[in-house]
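Student: below is the structure, and that's it, no one-letter string:
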């Protein structure tokens, strides 16, 4: 197996195997995803379904705002194989976008001041997620050098410390807001102690000036809009559940949907481990290799989705009771439907990474706007009529449209480059 040898600040001098990258990325994403899952489990066990619903609502409200500011700078940095911008430019754009995001989150929290638990949770989760996006920018520098082991170490630390702090505070106080404050503190701590030091090593920290940073912002803004639209598409069914069925039912939906999110963690690990390699294949004109790798990723996502459906059908009721509480065993049918939706969601995630590796940023915006519209429209029609099952169907419908659109974007990018060759 090749060793990891890297030119300072540059691309890998010796090619790291995709398998090794995936193993590290899978380990980091799996641990972090498990910690997110454990947060829901702890709130359900130490709190109540209402508290779980308040947390899920705050997270659903704040995530699209932070995702817009995210700008997916990690993907832009990782696919910047010619190093057109120094890392200092990426960091400057990240700091500016994060400041704007926190201001917007504070305004959103004020709108919910009639519900103090939700309002404070919104603000504190905004801090937590903003710390996550900053960590992710440092991950981009590490990913471009294919140092996925460093990213995994950080994700494990973020998951471990934030979960431990949340668990301790929730157990002592029995209240959501102090627990979420502890969660945010854990994320910020790992960012300052580990990510800044590891991610900035060997990087040019000085920027190229405002003009270069503005150009980078304009390049990344479409991806920020894409992430916001993806987040909206995923959260609109939750808004509908809260509006028509109440916060407690939203808590149950979030608990079942966490299993779908666990599979997404694995699929994201595949995509993140493959993005830089896919980008190099595409940039070098190795379209046959690009296609082979894309098909392999899609096949793995399909297999994972089918496995999730089988697991939910066989053991869903038991697992819901063990992970959360006996009252959630009644939602085993919902879990099966959500895992069926997961087949489509995982395919859409993989195709999103593939299209991003072709740097087809602008093309994704109208598609994701359509997907968000379908998600919202279907949710507002189906949830009042079919309850939580209607929300699961809405997830599948939106992901199906996203698959079709992303596939068209990738095929068009390939045809355009092949004509230019």
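Tutor: Alright, I've got the coordinates. As the structure is a prediction and not an experimental result, all values here were calculated from the model.

Student: where in this structure is pLDDT low?
Tutor: 1-18, 81, 201-207, 421 (pLDDT under 70).

Student: give me that answer again for 50
Tutor: 1-15 (pLDDT under 50).

Student: and the nearest residue to residue 252 once chain neighbours are set aside, how many neighbours?
Tutor: Sequence neighbours aside, residue 331 is the residue nearest to residue 252 in space, at 5.3 Å (criterion: CB to CB, 6 or more residues apart in numbering). In this view, the C-beta of every residue, glycine as well, is placed from N, C-alpha and C. Using other CB atoms under 10 Å, residue 331 is surrounded by 20 other residues.

Student: ok, now residue 95?
Tutor: Counted with other CB under 10 Å, residue 95 comes out at 11.

Student: how about it, what does it touch?
Tutor: residue 134 (CB atoms under 8 Å, 6 or more residues apart in numbering).

Student: pretty sure the residue nearest to residue 252 is in a helix, no?
Tutor: Yes - with DSSP: H, G, I helix; E, B strand; the rest coil as the criterion, residue 331 is part of a helix.

Student: what distance do you get for it to residue 323?
Tutor: 12 Å (CB to CB, to the nearest Å).

Student: which residues are in contact with each of the two?
Tutor: Listed as contacting both residue 331 and residue 323 by CB under 8 Å, 6+ apart are residue 255.

Student: what is the helix or strand hosting residue 68 packed up against?
Tutor: Counting by DSSP states H and E, the element that carries residue 68 is helix 49-70. Helices and strands touching helix 49-70, by 3 or more CB pairs under 8 Å, 6 or more residues apart in numbering; DSSP states H and E, are helix 18-46, helix 87-111, helix 116-144, helix 176-190, helix 210-245, helix 247-284.

Student: please pull up the helix or strand immediately following that helix.
Tutor: helix 73-78.

Student: hmm, who's touching that next one?
Tutor: So helix 73-78 is contacted by 87, 90, 93-94, 136-137, 139-141, 143-144, 216, 219-220, 223, 275-276, 279, 356 (CB under 8 Å, 6+ apart).

Student: repeat for stretch 184-196
Tutor: With CB under 8 Å, 6+ apart as the criterion, stretch 184-196 contacts 124-125, 127-128, 131-132, 134-135, 138-139, 153-154, 157-158, 161-166.

Student: list buried residues within those residues.
Tutor: 124-125, 127-128, 131-132, 134-135, 138-139, 153-154, 157-158, 161-163, 165-166 (16 or more other CB atoms under 10 Å).

Student: contacting residues for residue 403?
Tutor: Residues in contact with residue 403 (CB under 8 Å, 6+ apart) are 344, 347, 348, 351.

Student: oh, that last question was meant for residue 42, not what I typed.
Tutor: Counting by CB under 8 Å, 6+ apart, residue 42 has contacts 163, 166, 167, 170.

Student: likewise residue 238?
Tutor: 56, 57, 60, 250, 253, 254, 391.

Student: next, work out how far apart the closest residue to the last one other than its chain neighbours and residue 270 are.
Tutor: I take that to be residue 391. Leaving aside its sequence neighbours, residue 391 sits nearest to residue 237 (CB to CB, 6+ apart; 4.0 Å). Using CB to CB, we find residue 237 at a distance of 25 Å from residue 270.

Student: quick check, residue 34 in contact with residue 261.
Tutor: No - checked against CB atoms under 8 Å, the pair residue 34 and residue 261 is beyond contact range at 10.7 Å.

Student: immediately after the helix or strand harbouring residue 340, which helix or strand?
Tutor: Residue 340 belongs to helix 332-357 when assigned by DSSP H and E. Past helix 332-357, further along toward the C-terminus, the next helix or strand under DSSP H and E is helix 364-386.

Student: what's the neighbour count on the residue nearest to residue 367 when sequence neighbours are not counted?
Tutor: Nearest non-adjacent residue to residue 367, counting by CB to CB, 6+ apart: residue 405, 3.8 Å away. Around residue 405 there are 20 other residues, counting by other CB under 10 Å.

Student: now residue 405: how far from residue 167?
Tutor: 41 Å.

Student: what of residue 161?
Tutor: Residue 161 is 11 Å from residue 167, by CB to CB.

Student: one more: residue 236?
Tutor: 31 Å.

Student: before we move on, what about residue 21?
Tutor: Counting by CB to CB, the gap from residue 21 to residue 167 is 31 Å.

Student: likewise residue 309?
Tutor: Computed as CB to CB, the residue 309 to residue 167 distance reads 31 Å.

Student: one more: residue 364?
Tutor: 38 Å.

Student: go on, residue 332?
Tutor: In terms of CB to CB, residue 332 sits 26 Å off from residue 167.

Student: so which pair among the contacts of residue 238 is furthest apart in space?
Tutor: 57 and 391 (14.0 Å; CB to CB).

Student: so these two - more neighbours on which side?
Tutor: residue 391 (31 against 25).

Student: my guess is the more buried one contacts residue 239, does it?
Tutor: No - applying CB under 8 Å, one finds residue 391 not in contact with residue 239, separated by 10.0 Å.

Student: shared neighbours of the two, which are they?
Tutor: residue 379.

Student: what lies in contact with stretch 48-63?
Tutor: For stretch 48-63, the external contacting residues (CB under 8 Å, 6+ apart) are 39-40, 43-44, 105, 108, 112, 115, 117-118, 121-122, 125-126, 129, 176, 180, 231, 235, 238-239, 242, 246-255, 327-328.

Student: again, only this time at 6 Å
Tutor: Applying CB atoms under 6 Å, 6 or more residues apart in numbering, the contact partners of stretch 48-63 are 43-44, 105, 117-118, 121-122, 125-126, 176, 231, 235, 238, 242, 247-248, 250-251, 254.

Student: if anything else comes up later, I'll come back, but that's it for now.
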